[in-house]
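Colleague: Structure for the following, please:
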Amino acid sequence: MCEVSLVVQKFGGSSVADADGVKRVAKRIVEYRKAGHDVVVVVSAMGDSTDDLIDLAKEVSPLPPARELDMLLTAGERISMAVLAMAIANLGYSAQSFTGSQAGVITDEAFGRARIIDVTPGRIQEAIDKGNIAIVAGFQGVSQNTKNITTLGRGGSDTTAVALAAALGADVCEIFSDVDGVFTADPRIVPTASQIGTISYAEMLELAASGAKILHLRAVEYARRYGVPIHVRSSFSPHPGTWVTDEPVPPEFADDVKKEAMEQAIISGVAHDRSEAKLTVVGVPDVPGKASEIFRIVASEEINIDMIVQNISTTQNGRTDISFTLPMSDGAKAMKALEAQRDNVGFEDLRYDDQIGKLSVVGAGMRSHPGVTATLFEALKDAKVNIEMISTSEIRISVVTRADALDDAVRAAHTAYDLDGSESEAIVYGGTGR
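Modeller: Numbers count the residues shown, from 1 in each chain. Sure, this is the predicted structure:
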């Protein structure tokens with residue numbers, strides 16, 4: 001790094017889990033400042049602080065008011081930002097901490113899952129202009145109309161960092177966690193998974209949506225929309241990490257790029273997801289409009305649907321069965337809503353299955369390479385893994401299998417696409433990778 005640039009850095013909870021972690025992060029931030037860079041830092045709550053606060057709320061009230069729960073949960077990040085600013089000051093550099101609302105993160109009113117509407121970082125820019133390192137509490141903002149404090153949901157600190165980087169015109173947004181970057185598969189399942197040097201926004205979006213947890217989906221969406229390069233790396237090591245961008249890496253960061261093979265792999269990575277369930281609506285009248293009725297009922301409960309399959313019903317002629325996957329956490333709500341409308345829709349039964357797993361292979365190279373789908377199905381056949389549902393996009397193939405076959409399916413697909421490295425590259429230095 002030789003040219004002056006504006007860098008936004010985000011440090012996850014495992015990176016600032018204790019006083020030693022905070023001091024280590026402070027030293028890393030100061031290194032950037034010494035090199036002449038302007039630095040804005042976004043922090044998560046220390047360690048498992050957010051989970052501890054949620055447990056506290058449940059002890060006090062089984063159904064805490066959403067507004068007050070958000071007010072409580074933002075305390076974790078406020079602690080992190082303050083102690084990190086103290087640690088930086090102890091190293092002889094000036095730092096100022098800001099809550100999400102002070103940083104100008106404006107959201108809607110959806111407590112617990114607020115979406116960013118706008119970022120007006122006037123106070124952050126002023127702090128930078130005065131030579132300060134700005135420390136911002138992630139995961140939080142303030143509602144546009146009522147000025148209530150809101151939280152962005154799990155992974156919200158990633159989104160805060162990218163949104164600030166976009167608003168400030170930063171050269172890069174660096175996401176620090178406890179792994180060295182994005183890998184071709186979860187190394188806890190595939191020990192020979194390889195680190196990816198660079199990956200496009202589209203590929204990273206598909207991986208994130210398919211269960212890869214290293215980057216939050218909303219953060220990648222925001223980065224693609226505003227052209228913010230994301231650099232994923234570990235706060236525990238100097239390894240070059242993974243760049244998520246459609247453009248060349250900024251020249252001042254050229255030394256921080258993992259060298260790639262001459263030819264890009266057809267498949268960038270294999271992702272998996274155990275958090276979904278399958279719901280089947282049995283015996284739906286096979287007439288126009290019935291599928292619309294079913295999915296309107298589900299949508300009214302604000303439930304996101306992933307994969308959909310419609311087949312001729314096994315019960316009788318003139319009927320169809322419609323299966324779809326959805327977050328397991330929304331399963332009971334979807335069942336209740338559909339059951340309440342059984343007579344109006346005219347279906348015969350509902351079947352719920354939470355013992356499924358989703359496997360996805362992602363890669364821009366599959367656009368121009370025939371046989372990618374056949375390779376996946378042959379690999380799963382050889383691994384004796386049965387396929388229950390299939391979904392595709394231009395750069396992704398997803399299948400649903402039994403949950404207990406998912407690990408075997410991931411390893412088989414990873415090997416089939418020649419993604420195995422010669423040895424394990426991945427180290428999880430602490431925490432869970434978030």
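
Colleague: Regarding the closest residue to Ile79 other than its chain neighbours, what is its secondary structure?
Modeller: Sequence neighbours aside, Met46 is the residue nearest to Ile79 in space, at 6.3 Å (criterion: Cβ to Cβ, 6 or more residues apart in numbering). Glycine gets a C-beta too; all of them are placed from N, C-alpha and C. The local conformation at Met46, judged by DSSP: H, G, I helix; E, B strand; the rest coil, is coil.

Colleague: So the residue nearest to Gly346 when sequence neighbours are not counted versus Ser313, what's the distance?
Modeller: Nearest residue to Gly346 in three dimensions, chain neighbours excluded: Pro285, at 4.9 Å (Cβ to Cβ, 6+ apart). From Pro285 across to Ser313, the span is 10 Å (Cβ to Cβ, to the nearest Å).

Colleague: shared neighbours, the two?
Modeller: The contact sets of Pro285 and Ser313 overlap at Arg319, Thr320 (Cβ atoms under 8 Å, 6 or more residues apart in numbering).

Colleague: Between the two, which has more neighbouring residues?
Modeller: Ser313 (20 against 16; other Cβ atoms under 10 Å).

Colleague: For the helix or strand encompassing Lys58, C-alpha coordinates in CSV please.
Modeller: Here Lys58, judged by DSSP states H and E, is contained in helix 49-60. Backbone C-alpha positions of helix 49-60 (Å, rounded to 0.1, in the frame of the first residue of the first chain) are rendered in CSV as follows:
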residue,chain,number,x,y,z
SER,A,49,-22.6,-10.4,23.4
THR,A,50,-25.7,-10.2,21.2
ASP,A,51,-26.7,-13.7,22.0
ASP,A,52,-26.2,-12.9,25.7
LEU,A,53,-28.4,-9.9,25.4
ILE,A,54,-31.1,-11.9,23.6
ASP,A,55,-31.0,-14.5,26.4
LEU,A,56,-31.3,-11.7,29.0
ALA,A,57,-34.4,-10.2,27.2
LYS,A,58,-36.1,-13.6,27.2
GLU,A,59,-35.4,-14.1,30.9
VAL,A,60,-37.2,-10.8,31.6
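
Colleague: which parts of the following helix or strand past that helix are buried?
Modeller: Later in the chain than helix 49-60, the nearest helix or strand by DSSP H and E is helix 66-90. Of all the residues in helix 66-90, those buried under the rule 16 or more other Cβ atoms under 10 Å are 66-67, 69-74, 76-81, 83-85, 87-88.

Colleague: buried residues in stretch 279-295?
Modeller: Leu279, Thr280, Val281, Val282, Gly283, Val284, Pro285, Lys290, Ala291, Glu293, Ile294, Phe295.

Colleague: Got the confidence number for the third one?
Modeller: So the one you mean is Val281. Per-residue pLDDT puts Val281 at 96.

Colleague: All the helices of this protein, residue numbers only.
Modeller: 19-34, 49-60, 66-90, 122-129, 156-168, 201-209, 217-226, 290-300, 331-340, 342-345, 372-382, 406-416 (DSSP state H).

Colleague: Could you tell me which residues within the first one count as buried?
Modeller: Taking 16+ other Cβ under 10 Å as the basis for neighbour counts, the residues of helix 19-34 that come out buried are Gly21, Val22, Lys23, Arg24, Val25, Ala26, Arg28, Ile29, Val30, Tyr32, Arg33.

Colleague: average pLDDT across that helix?
Modeller: The average pLDDT within helix 19-34 is 95.

Colleague: Which residues does it contact?
Modeller: Against helix 19-34 from outside (Cβ under 8 Å, 6+ apart): 1, 7, 9, 11, 14-16, 39, 41, 46, 80, 83-84, 87-88, 90-91, 93, 133, 176, 235-236.

Colleague: Of those residues, keep whichever come out buried.
Modeller: Among those, the ones that count as buried by 16+ other Cβ under 10 Å are 1, 7, 9, 11, 14-16, 39, 41, 46, 80, 83-84, 87-88, 93, 133, 176, 235-236.

Colleague: Go through these and flag which are in strands.
Modeller: Val7, Gln9, Phe11, Val39, Val41, Ile133, Phe176 (DSSP state E).

Colleague: Which residue is the nearest non-sequential neighbour of Ile106?
Modeller: Nearest to Ile106 is Asp118, by Cβ to Cβ, 6+ apart, at 4.4 Å.

Colleague: Contacts only, for that neighbour.
Modeller: Gly104, Ile106, Gln144.

Colleague: just for this protein, where's the confidence low?
Modeller: Along the chain, the parts satisfying pLDDT under 70 run over 1-4, 252, 254-264, 314-315, 422-434.
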